[in-house]
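# Return atomic coordinates for the entry below.
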Amino acid sequence: MLAVLLLTLALTPPDAVVRAVAEPDGWVDVGSDTRDGVGPIHARHKALDGVDCLEASTVTTQPPALLREIILDIPGNLQWSSADLKRSIVLDDRDGRIDYVQVLGMPPPFSDRYWFLRGQVVEGTDGPGSWSFSWARIDGAALYPAQSAALKDDFNDPVEITLNVGSWALLPHAEGTVARFRSCSDAGGAVPRWAGEKAARMMLPNNVVDLVKEAERRGAL
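Numbers count the residues shown, from 1 in each chain. Have a look, this model is predicted:
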């Protein structure tokens with residue numbers, strides 16, 4: 001069953017994948033936190049046939065248009081994300097659909113991780129005024145062979161994350177905008193699933209913090 005699920009998640013179009021992951025039933029609160037002056041950040045998770053899907057969200061007064069600009073600034077992830085990204089390149093961008101590749105540095109002895117994703121911008125998925133950018137894995141070796149080969153040359157034995165589904169969502173709120181990040185992924189390789197899930201739970205709120213702090217920085221320019 002799990003193998004079927006992973007294959008389905010990897011091959012289903014991004015909007016359909018995120019709809020499946022975003023079903024309201026099954027999400028469980030795991031607490032809230034304030035980090036670097038941002039918060040409270042609320043965390044939830046949902047077990048999907050053994051895969052731990054995670055969510056972090058907060059309410060911010062930053063302008064939605066600025067938040068959208070930052071989310072879609074994929075090359076800029078190298079500057080504003082606190083994750084150890086070593087590469088973040090847009091491969092194709094048309095009609096709200098974005099193909100991109102990213103490489104995440106891992107501490108020794110683990111190999112760096114990479115993923116090829118197709119993202120899709122959608123309006124109104126969570127009600128009037130809402131906006132989302134969702135993504136799912138694509139076959140980078142088949143669609144972008146040159147970029148795929150370059151990864152092998154530029155990084156030491158990198159490992160592809162073959163399960164990577166998620167979304168950013170911006171939702172209207174009485175006090176501003178809810179910024180919500182969801183991720184359903186598997187670190188793969190030699191990293192045990194439990195270790196990957198533990199690390200994800202610890203680090204997932206950082207995505208929301210990074211977004212809000214970058215909006216504050218750009219807004220002050």
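# okay, CA-based contacts and neighbour counts for the rest of this
Fine.
# now the strands for this structure?
Ranges of strands within the chain are 28-35, 38-48, 51-60, 85-94, 97-104, 113-123, 131-137, 159-160, 164-173, 176-185, based on DSSP state E.
# Highest mean neighbour count out of the ones you listed?
strand 131-137 (a mean of 26; mean count of other C-alpha atoms under 10 Å).
# What pairs with it, parallel or antiparallel?
Take DSSP bridges as the rule and strand 131-137 pairs in its sheet with strand 113-123 (antiparallel), strand 164-173 (antiparallel).
# List the beta-bridge partners for Phe133.
Bridge pairing for Phe133 - DSSP bridges - gives Val121, Trp168.
# quick one on the thing from earlier: can you tell which of the strands paired with strand 131-137 is closest to Cys53?
Taking C-alpha to C-alpha, strand 164-173 is the member of the strands paired with strand 131-137 nearest to Cys53, at 8.7 Å.
# Now do that closest one and strand 176-185, the angle between them.
Strand 164-173 runs at 170 degrees relative to strand 176-185, counting by axes from the mean of the first three to the mean of the last three C-alpha atoms, to 10 degrees.
# Strand 51-60 and strand 164-173, what's the angle between them?
Going by the same axes, to 10 degrees, strand 164-173 is angled at 30 degrees with respect to strand 51-60.
# Measure how far strand 164-173 is from the centre of its chain, please.
Computed by C-alpha atoms, centre = their mean, to the nearest Å, the chain-centroid distance of strand 164-173 equals 9 Å.
# quick one: average pLDDT of it?
Confidence for strand 164-173, expressed as mean pLDDT, is 93.
# repeat for stretch 106-116
If you average the pLDDT over stretch 106-116, you get 90.
# gap between the two ends of that stretch?
Length of stretch 106-116, first residue to last, C-alpha to C-alpha, to the nearest Å: 17 Å.
# can I get the strands paired with strand 131-137 in CSV with distance to Glu23?
CSV is the format used below for the strands paired with strand 131-137 (distance: least, C-alpha to C-alpha, whole Å):
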stretch, distance to Glu23
strand 113-123, 16
strand 164-173, 13
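# pLDDT weak spots in this protein?
For the chain, the stretches with pLDDT under 70 are 1-22, 49-50, 186-203.
# repeat that for 80
Residues of the chain meeting the criterion pLDDT under 80: 1-26, 47-52, 125, 185-204, 221.
# What are the neighbouring residues in contact with His42?
Each residue near His42 by C-alpha atoms under 8 Å, 6 or more residues apart in numbering is listed here: Asp29, Val30, Gly31, Ser32, Asp33, Glu55, Ala56, Ser57, Thr58.
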